[in-house]
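Q: Sequence unavailable; structure follows:
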């Protein structure tokens with residue numbers, strides 16, 4: 001089985017919530033002054049993972065939050081990846097690499113093996129397909145996966161992704177088409193390629209068209225909650241409740257702020273359940 005197969009099975013079992021472990025020290029309700037910032041973050045992440053592993057489809061760890069703390073943070077990143085993978089759920093390393101040739105080979109080695117090994121990584125495609133190809137041997141030989149930026153959730157997506165080409169397609173559609181063609185040789189047992197797409201879910205615009213165009217492509221869907229995406233929008237990007245995972249970071253990490261008197265890990269669990277039910281309810285209406 002590929003890791004996209006495992007992701008599909010995890011969504012079928014636990015729901016589509018992707019818990020974003022984009023953990024910044026200020027998100028913690030309290031810290032232990034005897035520990036470093038990284039150690040405090042690891043302790044927080046450990047409780048969060050233990051609390052949510054039965055109601056999450058996967059975890060996503062954004063490396064920038066850990067890099068910002070230097071060596072202490074990178075140790076926390078390593079330990080967080082290890083804890084998340086030990087949960088049995090697929091783990092996405094949100095690294096958004098986008099380089100070529102030997103540099104891309106080294107990035108692939110760094111994040112698909114060794115201390116920073118993850119199941120799936122995020123990539124940026126704008127240097128061309130040769131920035132993606134070095135990761136594909138790991139998809140073929142080890143079942144690893146990639147989520148490549150296609151139509152993102154940030155306002156700046158309009159700057160490039162929506163530009164119209166001479167053939168009438170948008171840039172994001174050109175990117176999605178090329179990656180879907182590339183990924184056709186890496187299909188899993190559940191009918192999805194190991195080459196997935198990042199598709200922002202801040203609105204439902206173009207959702208039906210995108211889902212229909214990329215039937216065999218798994219989506220990583222940011223934009224729910226803090227960025228304004230609603231469950232009724234998100235459901236349109238799913239495929240009968242599967243075929244995608246929906247990321248929430250701050251909404252889960254800081255759920256304790258909206259649940260006075262509730263421990264942060266219990267609050268995170270509650271938010272995962274609420275989010276899962278919200279999305280599944282909208283999926284059931286389609």
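A: It's in. The structure presented is a predicted model; accordingly, all values stated were derived computationally and were not measured. Numbering: from 1, shown residues only.

Q: now the helices for the stretch 151-286 of the chain?
A: Here the stretch 151-286 of the chain has its helices, by DSSP state H, counting those that start in this stretch, at 157-160, 171-183, 207-213, 231-234, 250-253, 264-284.

Q: list the buried ones in the fourth one?
A: To tie it back to what came earlier, the one meant is helix 231-234. 231, 233-234 (16 or more other CB atoms under 10 Å). No exception for glycine: its C-beta is placed from N, CA and C like everyone else's.

Q: how about stretch 7-16: buried residues?
A: Quick answer for stretch 7-16 (16+ other CB under 10 Å): 7-11, 14-16.

Q: Point out where the stretch 1-150 of the chain drops to low pLDDT.
A: In the prediction, the stretch 1-150 of the chain carries no residues with pLDDT under 70.

Q: So which residues of it form helices?
A: For the stretch 1-150 of the chain, helices defined by DSSP H, counting those that start in this stretch occupy the ranges 3-14, 37-52, 63-67, 70-86, 101-112, 136-142.

Q: mind listing what's buried in the third one?
A: Going by neighbour count (16+ other CB under 10 Å), the buried part of helix 63-67 is 63, 65-66.

Q: One more: the longest one?
A: Neighbour-count burial for helix 70-86, counted by 16+ other CB under 10 Å, picks out 73-81, 83-85.

Q: could those residues go into CSV alongside distance to residue 196?
A: Shown next, in CSV, are those (distance: CB to CB, whole Å):
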residue, distance to residue 196
73, 27
74, 26
75, 29
76, 26
77, 22
78, 24
79, 26
80, 22
81, 19
83, 23
84, 18
85, 18
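
Q: pLDDT value on residue 227, please?
A: Looking at residue 227, its pLDDT stands at 79.

Q: how many neighbours does it have?
A: 18 (other CB atoms under 10 Å).

Q: how close does the residue nearest to residue 79 when sequence neighbours are not counted sit to residue 179?
A: Of all residues not flanking residue 79 in the chain, residue 42 sits nearest, at 5.0 Å (CB to CB, 6 or more residues apart in numbering). Counting by CB to CB, to the nearest Å, the separation of residue 42 from residue 179 is 34 Å.

Q: contacting residues for the nearest residue to residue 153 once chain neighbours are set aside?
A: In space, residue 153 comes closest to residue 200 once its chain neighbours are excluded; the distance is 2.9 Å by CB to CB, 6+ apart. Applying CB atoms under 8 Å, 6 or more residues apart in numbering, we find residue 200 in contact with 151-154, 157, 221-223, 229.

Q: Go again with 10 Å.
A: Listed by CB atoms under 10 Å, 6 or more residues apart in numbering, the contact partners of residue 200 are 149-154, 157, 161, 172, 219-224, 227, 229, 233, 237.

Q: again, but for residue 68
A: Residue 68 touches 24-25, 37, counting by CB under 10 Å, 6+ apart.

Q: Residue 15 now?
A: 54-57, 241-242, 245-246, 272-273, 275-277, 279-280, 283.

Q: From those residues, list the buried ones, please.
A: In the contacts of residue 15, burial by neighbour count holds for 55-57, 241-242, 245-246, 272, 275-276, 279-280, 283, counting by 16+ other CB under 10 Å.

Q: now do the same end-to-end measure for stretch 229-242.
A: Start-to-end span of stretch 229-242 (CA to CA, to the nearest Å) is 18 Å.

Q: For that stretch, what is the distance to the chain centroid?
A: Between the centre of stretch 229-242 and the centre of its chain there are 15 Å (CA atoms, centre = their mean, to the nearest Å).

Q: circling back to that earlier point, the more surrounded of residue 42 and residue 179?
A: For residue 42 versus residue 179, neighbours defined as other CB under 10 Å are more numerous around residue 179 (24 against 21).
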